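>>> structure for the following, please:
(one chain, ligands or ions: 1)
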Amino acid sequence: MADGTQAARVGIVCGSRSDFPVMEKTVEMLGKLQIPCELHAISAHRAPELLFRFVAGAEESGIRVFIAGAGGAAHLPGVVAAKTILPVIGVPIPTQIGGGLDSLLSIVQMPKGIPVATVAVGGAENAALLAAEILAISDPALRTRLLAFREAQTRAIEEDESNSNLR
Ligand code: RP5
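Numbers count the residues shown, from 1 in each chain. Below is the predicted model of the structure:
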């Protein structure tokens with residue numbers, strides 16, 4: 001999946017199409033912030049050469065941050081990080097084992113020298129927001145949109161009367 005009008009700035013990759021329901025939440029959040037992105041299913045185990053080609057071509061095509069989601073023996077984010085010095089954000093996909101504890105530990109326990117910024121299990125929206133914050137360092141218009149997002153989030157809580165139980 002790719003935004004047809006502008007070059008993608010965030011490259012999203014996951015180990016299988018079965019991860020799409022989780023990873024599409026990153027696409028949705030990036031869309032709200034008007035950040036072009038592209039989403040691919042490329043298994044680090046089943047198609048490593050295709051993954052290497054995708055990572056190698058990414059910077060040239062305009063990608064500045066990767067988001068990589070995988071479940072179980074979730075090596076994909078770490079392998080992406082091994083092949084680039086662009087920031088890599090890892091999304092552990094929920095599984096039957098401890099709700100995705102296997103995915104979380106596979107992604108978060110990177111060896112020193114090759115970092116992956118790991119979000120919560122299924123934390124697809126936060127992965128998108130973290131990518132947006134990285135891009136916003138050098139994009140004042142995006143910074144303004146992110147601040148507006150935060151303000152709207154806070155206002156929605158303040159204005160929602162069902163958050164209080166007053167008798
Ligand atoms: C991982 O194995 C994928 O990221 C997915 O979460 C999990 C299961 O993959 P499929 O069996 O659905 O292809 O590589």
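>>> buried ones in stretch 81-94, by neighbour count?
81-83, 86-94 (16 or more other Cβ atoms under 10 Å). In short, each C-beta sits where N, CA and C put it, glycine included.
>>> let me redo that: stretch 40-56
For stretch 40-56, by 16+ other Cβ under 10 Å, it's 41-44, 51-52, 54-55.
>>> what does that stretch contact?
1, 11-17, 19-20, 66, 70, 73, 75-76, 79-80, 83-84 (Cβ atoms under 8 Å, 6 or more residues apart in numbering).
>>> restricted to strands, list these.
Using DSSP state E, 11-14, 66, 70 are the members of those that sit in strands.
>>> just the buried residues of stretch 81-94 now: which is nearest the ligand?
Nearest to the ligand among these: I93, at 4.3 Å, using Cβ to the nearest ligand atom.
>>> what's the burial count for the residue nearest to the closest one when sequence neighbours are not counted?
In space, and not counting its chain neighbours, I93 is closest to G71: 3.3 Å by Cβ to Cβ, 6 or more residues apart in numbering. Using other Cβ atoms under 10 Å, G71 has 27 neighbouring residues.
>>> sorry, back to before: let's have the buried residues of stretch 81-94 in JSON lines, adding pLDDT.
Formatted as JSON lines, these follow (pLDDT from 0 to 100):
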{"residue": "A81", "pLDDT": "98"}
{"residue": "A82", "pLDDT": "98"}
{"residue": "K83", "pLDDT": "98"}
{"residue": "L86", "pLDDT": "98"}
{"residue": "P87", "pLDDT": "98"}
{"residue": "V88", "pLDDT": "98"}
{"residue": "I89", "pLDDT": "99"}
{"residue": "G90", "pLDDT": "98"}
{"residue": "V91", "pLDDT": "98"}
{"residue": "P92", "pLDDT": "98"}
{"residue": "I93", "pLDDT": "98"}
{"residue": "P94", "pLDDT": "98"}
